[in-house]
Each structure stands twice: as structure tokens, then as C-alpha cells.
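K.L.:
model the structure of this input:
(4 chains)
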There are 2 protein chains.
Amino acid sequence: MKDNNDMPGHLARRFQQIAVAVFLAEVEDAGFDLTPVQYAALATIKGNPGLDQVTLAGLIAYDRTTITGVVDRLVQKGLAERRASSRDRRARELEITDEGRRTLRKITPAVESAQRIMLRGLTAREGEELMRLLRKAIAAGNELSRAPLRDVQA
Amino acid sequence: MKDNNDMPGHLARRFQQIAVAVFLAEVEDAGFDLTPVQYAALATIKGNPGLDQVTLAGLIAYDRTTITGVVDRLVQKGLAERRASSRDRRARELEITDEGRRTLRKITPAVESAQRIMLRGLTAREGEELMRLLRKAIAAGNELSRAPLRDVQA
DNA sequence: TACTGATAGTCAGCATACTGAGCAATATCG
DNA sequence: CGATATTGCTCAGTATGCTGACTATCAGTA
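P.N.:
Residues are numbered from 1 along each chain as shown, chains lettered A, B, ... in the order given. Have a look, this model is predicted:
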């Protein structure tokens, strides 16, 4: 009978659970109300102005049905805008607002602090190694989830 | 500007996402309909007959408000039973059913296969190292989530 | 050009997770 | 003993994530 602690799936769930909690706590301490998912989406919109929702989803490996709600909330908070595309009337072009830019800038220290805290039990070397191993495992399993990571075809 | 791939939080989310997808796929291939969360709960009930919901939640680090729904579904599927405790009328004692035991037994190969698949990009040594680092990071962050792991006080 | 297939987005429904509130029952302590 | 605090559980509300279905639109082709 295997112990939970020998199950990578269980460990993945626990680590993710802690990572989210730490992120939310740091961001709230900084005076903001933004989830990890919303942060990643907003940062990606900023880095890729005018991208459509499917592209955004692919860049951060979200399901396309999830992106709808995430963008809804970013728009509702005034951090992003959703416009009909002129090239493809099915698509929506996404833009970050000035308010979104300001929020991203001010929230960055909290986000970076969160990343440190979630690795606080590890040495710097171990933290790097953990990230390397996660990247490698993720790369090999990318196609196994419904929402794989997709590069932009620039 | 940090890349997503340098953010342990993002990597945690991606690995967990893949882990869940792999688990569900393997279990479905084996002809069962059980989520990772339901599996862990059921296995823990089997190993700790008569435990109450708070104890169960502590053993697998679930929130107590989440456990309610999970147990609901296990009961509804006929895999577990929820009884009023005679010692403490607030508490519910949980028991696995014969059907639950049968399911656990038959599902085990799929669960173990899933754990292998989610590490398929890593060598055996790397897989061990990943689990060690996750365990270490989790131990240091245990108290940071609302639902920390709790040992039984037997 | 008409047909077919693929694509962008949304929606309904289900299953985690969490916040915060509330109820019932137990434990503790003056 | 009685007031208070704590505990076990549930519920309402919100936010991911997913499956599957549907509409509108676009692309490729006969």
C-alpha cells in the first residue's frame, strides 16, 4: 500500500494548494485582489497586445472555456479590455488598460515574494532543481491535458 | 520580467493540471469513474475505519468544506457510508463499503500507472528527487494553506 | 460558389478549493 | 452549574478547470 507521500499526484496537489494560498496572501497584503490565474493572464495580455482568447489560453495553458470567465473578471475590474477583432469577427482582441498596467507594476514585488515563500523550505540550489524537474516533467506531459501550452506562431 | 517557467507557482499549476488529466484518463480506461480527490479520500477511509470528516480532511489536507461534497459523492456512488457517531453527535463516522473495497482493489493498477505516466519525462532518479523536493517544500509550507496536513493523534 | 470542415467563443453542468457564516453539540473554566 | 469557547459539519457564494454542446464565422475545396 503506497503512502500518499510517494504519489507524485498527491504531492502536486499539495504543492499547488500551498502555492495558491501563498500567492493570494502576499497579493492581499500588498492591497490587491488578483488570483494567480488572473495575474498570469493579465501579464500575458500586456506582453502580447491584441492577442485573442485562444492564443492567450495557449500561452498559459488554460482551457478555452476557463479563459472566458477569467477575462470577464479582468474586464470587470477594469484591468483589461475585450474588443471585437476586425480581421476575424469570431475573435476578441485583448488589451491591457492603464489601470491594469499600474496594477501589474505595483503587484510585482508581492508576486516575487510569493515565489520565494513557496520555496522557503529549499536551498537556492534545491529550488532551481525543483523547477528544472517540474519543467522537464511538464514538457513530457504537455499534450496529456486538454489545455496544453502552445507557442505563438509569430 | 520573469518568465512563467521561472515561477514555481506556475509550474505547480501545470504539473497538477497534467497529473489530474493523467489520473482521470487511466482510471477511465480501467472502467472506473473516480477523481484523484475521491480516490485519496476512499483509500484513507479504508485505512482508518470509523474516522470522522475532520480527521479525514486533515489526513489528506482537504478543506473541511470540500470534504462534505467529496464524501457526498462517495456515498452516492455506494463506495462509503456516513453514520452519526455515538460518542459525539456532531461527528459523522465514515466507513468503506464492500463495493468501495472492490473498487479500490481493481483501480490500483490504473492509479499506479498514472503516477508513472506523470513522471515519464524523468529518469527514475529524477522522479525520486522531484518527490523529495516537493515533500520538503510542502513540509515547510504546510501551515500556509487553510487545509494543512494533520497527523492522527492515535 | 456551395459544401464541408475547422476555429473562436460561449454556455450548462459538474467537481474541486476556498471565504465566511451559521447551527448544534461538546469542552472548559470560573 | 452556567457562561463561554471550541469543535464538527453544512451552506452560500466565488473562482478555477474540465466535458460536451452550440452558434457564428472562416477556410479550403469540389
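
K.L.:
which residues in chain A form helices?
P.N.:
Using DSSP state H, the helices of chain A run over residues A:8-29, A:36-47, A:53-60, A:64-76, A:98-117, A:124-141.

K.L.:
now do the contacts for residue A:61.
P.N.:
Each residue near residue A:61 by C-beta atoms under 8 Å, 6 or more residues apart in numbering or on different chains is listed here: A:142, A:145, A:147-150, B:14, B:17. For every residue, glycine as well, the C-beta is placed using N, CA and C.

K.L.:
top of these by number of neighbours, please.
P.N.:
Within the contacts of residue A:61, residue B:14 tops the neighbour count with 27 neighbours, counted by other C-beta atoms under 10 Å in any protein chain shown.

K.L.:
isn't that one right up against residue A:149?
P.N.:
Yes: if you go by C-beta atoms under 8 Å, residue B:14 and residue A:149 touch, sitting 7.4 Å apart.

K.L.:
any common contacting residues for these two?
P.N.:
A:61, A:138.

K.L.:
tabulate the helices of chain A in JSON lines, adding columns for distance to DNA strand D.
P.N.:
As requested, the helices of chain A are exported to JSON lines (distance: least, C-beta to the nearest atom of the strand, whole Å):
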{"stretch": "helix A:8-29", "distance to DNA strand D": "7"}
{"stretch": "helix A:36-47", "distance to DNA strand D": "3"}
{"stretch": "helix A:53-60", "distance to DNA strand D": "8"}
{"stretch": "helix A:64-76", "distance to DNA strand D": "4"}
{"stretch": "helix A:98-117", "distance to DNA strand D": "14"}
{"stretch": "helix A:124-141", "distance to DNA strand D": "11"}
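
K.L.:
mind putting the ones you listed in CSV, mean pLDDT included?
P.N.:
Formatted as CSV, the helices of chain A follow (pLDDT from 0 to 100):
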stretch, mean pLDDT
helix A:8-29, 97
helix A:36-47, 98
helix A:53-60, 96
helix A:64-76, 97
helix A:98-117, 97
helix A:124-141, 97
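
K.L.:
the nearest residue to residue A:74 once chain neighbours are set aside pairs with what?
P.N.:
Nearest residue to residue A:74 in three dimensions, chain neighbours excluded: residue A:80, at 4.1 Å (C-beta to C-beta, 6 or more residues apart in numbering or on different chains). Counting by DSSP bridges, residue A:80 is bridged to residue A:96.

K.L.:
surely residue A:80 touches residue A:97?
P.N.:
Yes: the criterion here is C-beta under 8 Å, and residue A:80 meets it with residue A:97 at 6.2 Å.

K.L.:
of the two, who's got more company?
P.N.:
The residue with more neighbours, out of residue A:80 and residue A:97, is residue A:80; 24 against 17, by other C-beta under 10 Å.

K.L.:
now residue A:34: closest residue in space that isn't a chain neighbour?
P.N.:
The shortest distance from residue A:34 to any non-neighbouring residue, by C-beta to C-beta, 6+ apart, is to residue A:27 (5.6 Å).

K.L.:
distance check, residue A:32 against residue A:38.
P.N.:
Distance, residue A:32 to residue A:38, by C-beta to C-beta, to the nearest Å: 10 Å.
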